[in-house]
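Q: here you go, sequence then predicted model.
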Amino acid sequence: MKILSIIGSGRKNGNTALVSQLIEQQLSQDPTFDFDYEHLYINDYRILPCIGCRTCFNKIEMFCPLKDDFLQIKSKIDKATLIIFATPVYVNDVSALMKLLIDRLAFATHRPQYFAKYAFVVATTALSNPRNAIRSLASAINVWGFHLIGTQGLKLKVLPDEEKIQAKYNKTIQKITAKITKIIKSNRISSPTILKLAIFKVQQNYWKSQQKMLYEYNYWKSNGFFDSDRVYFSEVSPPKWKKGMAGLLAWIINSVFM
Ligand SMILES: Cc1cc2nc3c(=O)[nH]c(=O)nc-3n(C[C@H](O)[C@H](O)[C@H](O)COP(=O)(O)O)c2cc1C
């Protein structure tokens, strides 16, 4: 099982990288958990900022005119079972390196494709609340289709001190790894929440109403996402009450926000 930890800090010896290493160390304490862990530093790759040409939406990401290393990272994401998205907080949000990657993956908001994969979000800050950074990442990850196992913010000093961080956050790291191992060992993609079902319905109605020549329209159609009995990307059958609540929420989202 492949775990890919994507680190959005330029500091290879910084806090975020250290937290990623501590997670790896803690996971390897469990002899029954077999995994291959890769630390991917976005800064090691050349990722250009999205220029908004929409080629990835209208055609496919392979045709993106930006010639850089994005597809290498995408291919690693595609091969991993769990992706840990780890960012330092910069001015109350994700780092620019992480945002570069988020924007380049924007096509996955139109063509969700990661519903068989797990994700975990880590955000490290000096002092302030990491909630905005976590929200930015979590909302993208949810729409891309991932099963989000959990999120964790850690308030750390600027200069990493492995011993102090370990002493202070030992329990937190154990909590993160316990969640990860429990869910991955059970091979359980939990049933989608009411919000996820509602978002699926909003997207389904939207793409259905679009022109048939659109790449997105065909993506949704060829994957069976327009089928009348389809309520989510994966073939799930939630209870009637949940479907009803999701339908109501989808109606509210459509009326108020669209
Ligand atoms: C450009 C920049 C902006 C930052 N903004 C914040 C912030 O808004 N709130 C905060 O608590 N820490 C902030 N910090 C501190 C980092 O979030 C914190 O030290 C983080 O753990 C650094 O991770 P790293 O060592 O992996 O780069 C900032 C640091 C930098 C370099």
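A: That came through, no problem.
Q: low-confidence ranges, the stretch 101-250 of the chain, go.
A: 158-160 (pLDDT under 70).
Q: can you give me the strands in it?
A: Remark: strands assigned in the stretch 101-250 of the chain by DSSP state E, counting those that start in this stretch are 118-125, 147-155.
Q: any chance of those in CSV, with distance to S5 and mean neighbour count too?
A: All C-beta atoms are positioned from the backbone trio N, CA, C, and that covers glycine. Below are the strands of the stretch 101-250 of the chain laid out as CSV (distance: least, CB to CB, whole Å; neighbours: other CB atoms under 10 Å):
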stretch, distance to S5, mean neighbour count
strand 118-125, 8, 26
strand 147-155, 13, 19
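Q: can you lay out those strands as TSV showing distance to the ligand?
A: Formatted as TSV, these follow (distance: least, CB to the nearest ligand atom, whole Å):
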stretch	distance to the ligand
strand 118-125	3
strand 147-155	7
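Q: now those as JSON lines including distance to S20?
A: Conversion of the strands of the stretch 101-250 of the chain to JSON lines gives the following (distance: least, CB to CB, whole Å):
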{"stretch": "strand 118-125", "distance to S20": "7"}
{"stretch": "strand 147-155", "distance to S20": "11"}
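Q: how near is the residue lying closest to Q204 once chain neighbours are set aside to T125?
A: Spatially, and ignoring its direct neighbours in sequence, Q204 is nearest to F225 (6.2 Å; CB to CB, 6 or more residues apart in numbering). The span separating F225 from T125 equals 38 Å under the rule CB to CB, to the nearest Å.
Q: count of residues packed around R131?
A: Close neighbours of R131, defined as other CB atoms under 10 Å, add up to 15.
Q: tell me who's in contact with the spatially most central residue of the chain.
A: For the chain, I141 is the residue whose C-alpha lies nearest the centre (CA atoms, centre = their mean; 2.9 Å). Shown in contact with I141 (CB atoms under 8 Å, 6 or more residues apart in numbering): F85, A119, V121, L148.
Q: partners of the second one in the sheet?
A: The residues paired with A119 through beta bridges, assigned by DSSP bridges, are I83, L148.
Q: next, the contact list for it, please.
A: Contacts of A119 by CB under 8 Å, 6+ apart are L82, I83, I84, F85, I141, F146, H147, L148, I149.
Q: so the host helix or strand of the fourth one versus strand 147-155, what angle?
A: Counting by DSSP states H and E, the secondary-structure element that holds F85 is strand 82-88. Our comparison of strand 82-88 with strand 147-155, counting by axes from the mean of the first three to the mean of the last three CA atoms, to 10 degrees, yields an angle of 30 degrees.
Q: which strands and helices lie in contact with strand 82-88?
A: Applying 3 or more CB pairs under 8 Å, 6 or more residues apart in numbering; DSSP states H and E, we find strand 82-88 packed against strand 2-7, helix 15-27, helix 96-104, strand 118-125, helix 131-144.
Q: which secondary structure elements does the first one contact?
A: In other words, strand 2-7. Using 3+ CB pairs under 8 Å, 6+ apart, strand 2-7 sits against helix 15-27, strand 36-41, helix 70-79, strand 82-88.
Q: redo that, cut-off 10 Å
A: The elements that strand 2-7 packs onto, with contact taken as 3 or more CB pairs under 10 Å, 6 or more residues apart in numbering; DSSP states H and E, are helix 15-27, strand 36-41, helix 70-79, strand 82-88, helix 96-104, strand 118-125.
Q: export the ones you listed to CSV and tack on distance to H110?
A: Listed next are the helices and strands packed on strand 2-7 as CSV, based on distance: least, CB to CB, whole Å:
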stretch, distance to H110
helix 15-27, 29
strand 36-41, 24
helix 70-79, 15
strand 82-88, 19
helix 96-104, 13
strand 118-125, 19
